[in-house]
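K.L.:
This is a predicted model, with the sequence first.
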Amino acid sequence: MKRHTAPIRALATCVLGMSLLTGCAEQSDDTIVVGLSADITTFEPGMISSRDNANIARHIFGALFTLGPDGEHIPELAHTLEISDDGTAYVYTLNQGLTCHDGEALTAEDVAYTFNRIADPANRFTGNTPGFVFSSIGFESAEPLDDLRVQINIAQKNPIAFGLMTEVYVYCKDAYERMSLDEAASNPIGSGAYRLASWTRGSEVVLEKVREPGNFERIVWRIIPEASTRTAELIAGNVDIIANVVPEQVETINESGRASVQVVSGTRRMYVGYNLSAEHAAMPGGDAIQDPDVRRALQYAVDVPTICRQLLSVECERATGLVNPQNANPNLTPYPYDPELAGRLLDEAGWPRGDDGTRFFIRMQAGQGRYVNDVNVVLAIVQYLEDVGLDIELELMEWASVYTPLLRERSMGPLFFLGTGGGLWSPIYDMTDIARVSSGTNYTHWSDSRWFDRWPDMVNTDDLDEQRVIIDEMLEVFYDDGPWLHLYFQPDFYGVSDRIDWTARRDEHVEIFEASLR
Amino acid sequence: MSEVRGDVAVLENPKGSGPQSELRRAARVMVAARWPVFAVIFLTVAAIAATLGSWLAPFDPNRQNLVLRLADPMTAGPDGGVFLLGSDALGRDVFSRLLYGARVSLTVGFAAITVGGTIGIVAGLLSGYFGGWLDDLIMRLGDIQLAFPFILLAIMFLVVLGSGVWNLILVLGVGQWVTYARIVRADTLSLREKEFVEAARAMGDSTLSIIFRTILPNILAPLTVIASFNVASVILSEAALSFLGLGVPPDVPTWGSMLAESRDTLVANKWWLAVFPGVAIMLTVLSFNILGDWLRDFLDPRLRERT
Amino acid sequence: MGAYIVRRLLQSIIVIIGVTLVSFLALQAGGDPTYLFVSERASTEEIEATRRALGFDRPLHEQYLGFVGDLTRGDFGQSLSYRQPAMEIVLDALPATIELTLFAMILALILAIPLGVLAAINRGTAWDGSITTMSMVGQSIPSFWMGIMMILFFGLYIRLFPISGNVPFLKPLLAGDFGVAFSNLPRTLYHLVLPGIAVGTYSLARNTRLVRSSLLEVLEQDYVRTARSKGIAELRVLVHHALRNAWLPVVTIIGLEFGFLLGGVVVVETVFSYPGIGRLLFAAINQRDIPLVQAGVILLASIFIVLNLLVDLVYVRLDPRVKLDGGRG
């Protein structure tokens, strides 16, 4: 694998007549190849729920507005947004002359149709849009006001609804009325820059450009679940961009001379959660974690920077809460690693070491294979906690069918490992996970009134300064007595071929529009 | 004294018969064949590793050393020890894990065979002796099970029952019974009508006694051959299932899960993480295969003599 | 013979029913599958609605009977993750796996016969020794380990073969697109080499030893010994004759081989990111996509059963000494 022989070998291989068959002929100037780690299941906008799926669909469909890499609100299909005073009516004004891929004109009627169709219970859509977006904004209905203006009605004032609505993909009424749900899943007709040219399930998706923006005529998304194979294909030059590079492979890619790794500080909040429900309080160790002093003591037990450095190959700053650093409370400093202090605090909280050296027994649950190096991170955390005297029973489970159901019921625990996606465009978006005690995403059943009582104050005030003060106070409560053992914001690793000029985003969105040849 | 049959002379064994001389004969033949000796030696080493692993291992196989992760073989470890075969992604000693892995892989292998063998032998005996609807039922169940590619069945059950050593043994064991059942059934069928069985029946022995005391001992010999090959294939299956993430939990090292853990770092040239467990699996399986082969050859002429 | 076929068919149907029951029960036994099909942040009402929509609130036996009823009408239900007819998705992935399995099988057979013959004829020599040793080793290597090593070697060190993906040949062929199919063929074969070797090594090794031992057995027999003593030319003729009888057991193996190889492809397809049925089913099982799993399992089992039936019939034709109903003990 020495650099100076690789090109010679490659050339030799080509010369041997293999150009018919593989390898060297793959790269062409008008095609870019992206390697994905998970299969795509559908192109029905109402059913899309995985990040990879959404990333591809993003190129086929347009949205009213979109979010830029730093969280800016950018017009796309619409150019103006007016929000009513009571915050329940959002009026978008569309651009003139929009069309869908089949030539049909895209007007306000189509936008309203899009929203209503996705929300229609008869269609039984279970994707991110009807499930998360519409629930969070309290979507009620959409109606066209005229040819170019459409009104979206939501249940109550919501400061982040505008951002959430950027996740709704727009399509045309006539085309989708004609298709059955089955057909729609594999024949997307959108208004974006690319159209679906072919889809071989489990293997690849090919997009062809039909309008601007985009520097490549074709985008090929290849599905390569095996991490080492993905990296090997990147180094071999068969793939231009790969996501989910395993940290251990970063050096190999950088030394290959054909590609390099971009490490971006992602927005996903990784944490160990304490399940504080009554049911869990009755479990072994569940009573201990009910005490905020115990939780605070444990914050000092885990060496997060070492985990980042050794297992994720990045220097990270430990999180102080659930809000991404640029929007977080600037007065809070991350808990340092101090296992002796942790031990003393646990003693003071009434949990001294017993004769066998442990303080109390507790179970920890985690899914595997979902996050970067998650298994190793979890094992490392368990070791740190055991070193300060906890006796931990670790249950590592398969993610999709075993762990996720527990998440839905909020019954994992008493300790659990999780990462929730966040955003850069508003601290409230990051805090929305714990908007109400009964929120589906309040996995910890946390119920501290100092947080929840202030929520309506924060959401309803129009004075941004006042809002910021409230946010900081709430975040301080979260830092002191919150239900999370703060870890890190998951870094994302993208491998990019040297022939491509592309910058990765921090929010796990992969967009190829701006990519170009060097 | 010797008999003359046709143009070949058959000598009665001058050393007499009985289990002791059987073993001596086995030893003689084995040494002459050479390869089985290596197999036995290797398996003995593996067995020692399995039983005495805790004393032989230089480190705790689960002790992480994040700072010393992915160390090359023969790197110095903490407390003055040496990572003989390097360290893995969490800084755990590969050599220690290999020793502990021997314990799990071999235990799972033998336990699964015991489970499968017991079920299979009993099923085969009942099926062959009683015949009729019982025979049909048992054979049909066997057909249904064999209609599945085994690994899909195993995956389905492990996903549902959850992974864990006992579940693994259960699944692997249940996957083996049909082979035993069929052979036992065929042998039982042919023995059922033989004189000594008739004699036992005439003497008033209970059915159970006939089955287990009269018939069973006479069909055990070929089963050792099957068992040997089976252990080999069970170890391979366990490796595959661990590789797919369905084997034992992560704090229990097995060779298969060590291979699975090595996938992500291979591209980074950490070859020792994949080579050593892979070689361990291969040598163990190879040894059992050699043993099985040799057992079959060893037992064959005896069988021919008897029938 | 006709009665035999009918009996075997009935047997097969019973087995298939058993297969559907087992796969249904296996996946239902793990608890409520509703949660897999709602987005990460759905509300309780959404979850309830989804549960009702997907039919998971009906009692178990109702769900199963409904399923069987649909099967007889050819309806295997909709895949829960793809929202498309399950059998369609399975049939879509099948050609790739068949290509892989056929390739591995052909590889295993084509090489096994000359290797086995070579070993048998030269019994006791270095040729025999090395072939036998390599066969034993070949039967002891975990297929996924071999796959990983090959990916490393051929993907990074010597970039000679592709290490992932496949180029379809069977699919366009079956669709009548002969031009596309045959122009794809070279690249198809190229993509099949590495995974094919990983899948087929075990079979190659076993078949080699089988050919060798069968041939040896036949060569020991009287008529062959007689021929041998008569001279070498006679011997040549008899090797041919011996081979004809020796590959009878190999024929039996072929039918079982396909089924066995199908099982082995799950791991290899995963390692090579090969878009076949093995990988599809593995993912489907993990995601509790029950209709998809059932469609896949039933299809694979049916193929296996039909193959076994064919093999049994061929066996009977080839060797009339075998009794029709005592066939396999």
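P.N.:
Noted; the coordinates are in hand.

K.L.:
residues in the stretch 101-250 of chain B within reach of chain A, list them.
P.N.:
Residues of the stretch 101-250 of chain B lying near chain A by Cβ under 8 Å from any Cβ of the partner chain: B:Val159, B:Gly162, B:Gly245, B:Pro249, B:Pro250. For the C-beta atoms, the positions are set from N, CA and C on the backbone; glycine is no exception.

K.L.:
Pull the number of nearby residues for whatever residue of the stretch 101-250 of chain C ends up closest to chain A.
P.N.:
Closest to chain A within the stretch 101-250 of chain C is C:Gly155: 3.8 Å, counting by Cβ to the nearest Cβ. When neighbours are defined as other Cβ atoms under 10 Å in any protein chain shown, C:Gly155 has 25 of them.

K.L.:
List the contacts of it.
P.N.:
A:Thr229, A:Ala232, A:Glu233, A:Ala236, C:Ile163 (Cβ atoms under 8 Å, 6 or more residues apart in numbering or on different chains).

K.L.:
And the residue nearest the centre of the chain?
P.N.:
Let's take chain A. A:Gly421 (4.0 Å; Cα atoms, centre = their mean).

K.L.:
Can you look at chain C instead?
P.N.:
Centre-nearest of chain C using Cα atoms, centre = their mean is C:Leu262, 2.4 Å out.

K.L.:
That one: what's it in contact with?
P.N.:
C:Leu262 touches B:Pro149, C:Thr97, C:Thr101, C:Ile277, C:Gly278, C:Leu300, C:Ile303, C:Phe304, counting by Cβ under 8 Å, 6+ apart.

K.L.:
what about stretch A:126-135, distance to the chain center?
P.N.:
Computed by Cα atoms, centre = their mean, to the nearest Å, the chain-centroid distance of stretch A:126-135 equals 15 Å.

K.L.:
Okay, now it: how far is its last residue from its first?
P.N.:
12 Å (Cα to Cα, to the nearest Å).

K.L.:
Model confidence at A:His101, what's the number?
P.N.:
We have a pLDDT of 90 for A:His101.

K.L.:
and if you look at B:Ser105?
P.N.:
Reported pLDDT at B:Ser105 in the predicted model: 86.

K.L.:
Which secondary structure state does it sit in?
P.N.:
What DSSP: H, G, I helix; E, B strand; the rest coil gives for B:Ser105 is helix.

K.L.:
who in the stretch 101-250 of chain A is up against chain B?
P.N.:
A:Glu226, A:Ala227, A:Ser228, A:Thr231, A:Ala232, A:Ile235, A:Val246, A:Glu248, A:Gln249.

K.L.:
Let me see the mean pLDDT of the helix or strand hosting the fourth one.
P.N.:
Following DSSP states H and E, the helix or strand that holds A:Thr231 is helix A:227-236. Here helix A:227-236 scores 86 as its mean pLDDT.

K.L.:
which ones are touching the residue nearest to the spatial centre of chain B?
P.N.:
Closest residue to the average C-alpha location of chain B: B:Val231 at 1.6 Å, with Cα atoms, centre = their mean. By Cβ under 8 Å, 6+ apart, B:Val231 lies in contact with B:Gly109, B:Phe110, B:Ile113, B:Phe288.

K.L.:
got a list of what C:Ser140 touches?
P.N.:
C:Ser140 touches B:Ala232, B:Leu236, B:Ile281, B:Met282, B:Leu283, B:Val285, B:Leu286, B:Asn289, counting by Cβ under 8 Å, 6+ apart.

K.L.:
just to revisit the earlier point, now restrict the residues of the stretch 101-250 of chain B next to chain A to buried residues only.
P.N.:
By neighbour count, with 16 or more other Cβ atoms under 10 Å in any protein chain shown, those hold B:Val159, B:Gly245, B:Pro250 as buried.

K.L.:
Helix, strand, or coil at the residue lying closest to the residue nearest to the centre of chain A once chain neighbours are set aside?
P.N.:
Nearest residue to A:Gly421, sequence neighbours excluded (Cβ to Cβ, 6 or more residues apart in numbering or on different chains): A:Arg268, at 5.3 Å. Following three-state DSSP, we place A:Arg268 in the strand state.

K.L.:
gap between A:Arg268 and chain B?
P.N.:
19 Å (Cβ to the nearest Cβ, to the nearest Å).

K.L.:
Distance of that residue relative to C:Val19?
P.N.:
Distance, A:Arg268 to C:Val19, by Cβ to Cβ, to the nearest Å: 42 Å.

K.L.:
C:Arg73 too?
P.N.:
18 Å.

K.L.:
And those two? Which one has more around it.
P.N.:
Taking neighbours as other Cβ under 10 Å, C:Arg73 and C:Val19 compare with C:Val19 leading, 24 against 7.

K.L.:
The residue lying closest to A:Glu109 once chain neighbours are set aside: what's it in contact with?
P.N.:
Closest residue to A:Glu109 apart from its sequence neighbours, by Cβ to Cβ, 6+ apart: A:Pro144 at 4.7 Å. Neighbour list for A:Pro144: A:Thr107, A:Ala108, A:Glu109, A:Val111, A:Ala112, A:Val150, A:Gln151 [criterion: Cβ under 8 Å, 6+ apart].

K.L.:
please redo it, this time with the cut-off set to 10 Å
P.N.:
A:Pro144 makes contact with A:Leu94, A:Thr107, A:Ala108, A:Glu109, A:Asp110, A:Val111, A:Ala112, A:Tyr113, A:Val150, A:Gln151, according to Cβ atoms under 10 Å, 6 or more residues apart in numbering or on different chains.
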